[in-house]
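1. here's my sequence, what's the structure:
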Amino acid sequence: MTLLRFEEFTARPRRAAALQGKLRDTPGGRLFGLWRAQIGPSMNIVTRASLWPGEPPATPEAADPDIAALRSRTLTILTRGETPPDPARGGIVTHRWFILPAEKVAEMVAITTEAWVGFEGDTGSEPLGLWQDRAAGDPAHVLLMTWYPSLAGWEQSRFWNSAAAGPDQAQRAKWGALFARRRDMLVDTWVTVHGAEST
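-> A predicted model of the protein is given here:
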């Protein structure tokens, strides 16, 4: 079973860029993405996601002197989740966390994948996957990563943003209603915005 290891490294002040350069190798695993945020968390946080064919090992860089703190989570794939974004495309990648009752996860995945059918064509985006933090019980913690061609494209894809409606988003009413249903299930949600791959 493929697992996603999602690590958030808090670098010591002014050491995030140097730390990021040390985190590109994942021996035994496969790098999914390595980012510093454009919008959301501290500029000192470097986020690394990697795919593993089984239980991921402990983070080998944990003792690096550039690291002030590390949060590591292991997630199971709910849908998609094994094809990383291509940094050569540019654009942005969003990381959105959903907190919701555990018994609602399967329904939330079904609603989300149904919405993607029209959402991708209308917005030019690519949902990369949904993963569930296996250490969180109830409520469940689910991660969604999505690639967008630009920050403006992400803003125009918000289901509640009526200003974005128009002929270029012909299926907006359907996927917008599905995303609204999904939001009604949630206890909490938040998003961070990252370059396709920060350097």
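
2. hang on, isn't P87 packed against A196?
-> Yes - contact criterion C-beta atoms under 8 Å: P87 and A196 qualify, at 4.8 Å. Quick note: C-beta positions are derived from backbone N, CA and C, even for glycine.

3. what helices and strands are in contact with the helix or strand of the chain with the lowest mean pLDDT?
-> Lowest mean confidence among the helices and strands of the chain (mean pLDDT, DSSP states H and E): helix 151-156, at a mean of 89. Applying 3 or more C-beta pairs under 8 Å, 6 or more residues apart in numbering; DSSP states H and E, one finds that helix 151-156 contacts strand 92-100.

4. tell me how many other residues crowd L3.
-> Around L3 sit 20 other residues, with neighbours defined as other C-beta atoms under 10 Å.

5. distance-wise, check R15 relative to F9.
-> Counting by C-beta to C-beta, to the nearest Å, the separation of R15 from F9 is 10 Å.

6. nearest spatial neighbour of G137, skipping sequence neighbours?
-> Leaving out its chain neighbours, the residue that sits closest to G137 by C-beta to C-beta, 6 or more residues apart in numbering is A102, at 6.9 Å.

7. so how far is S42 from the one you found?
-> From A102 over to S42 the distance is 30 Å, taken as C-beta to C-beta.

8. point out where this structure drops to low pLDDT.
-> Residues of the chain that meet the criterion pLDDT under 70 lie in 162-167, 197-199.

9. where do the helices sit along it?
-> Secondary structure of the chain by DSSP state H: the helices cover 16-22, 105-123, 151-156, 172-185.

10. now the top strand by length along the chain: buried residues?
-> What stands out as the longest strand in the chain, according to DSSP state E, is strand 67-80. Across strand 67-80, burial judged by 16 or more other C-beta atoms under 10 Å covers I67, R73, T74, L75, I77, L78, R80.

11. I'm done for today, thanks for sticking with me.
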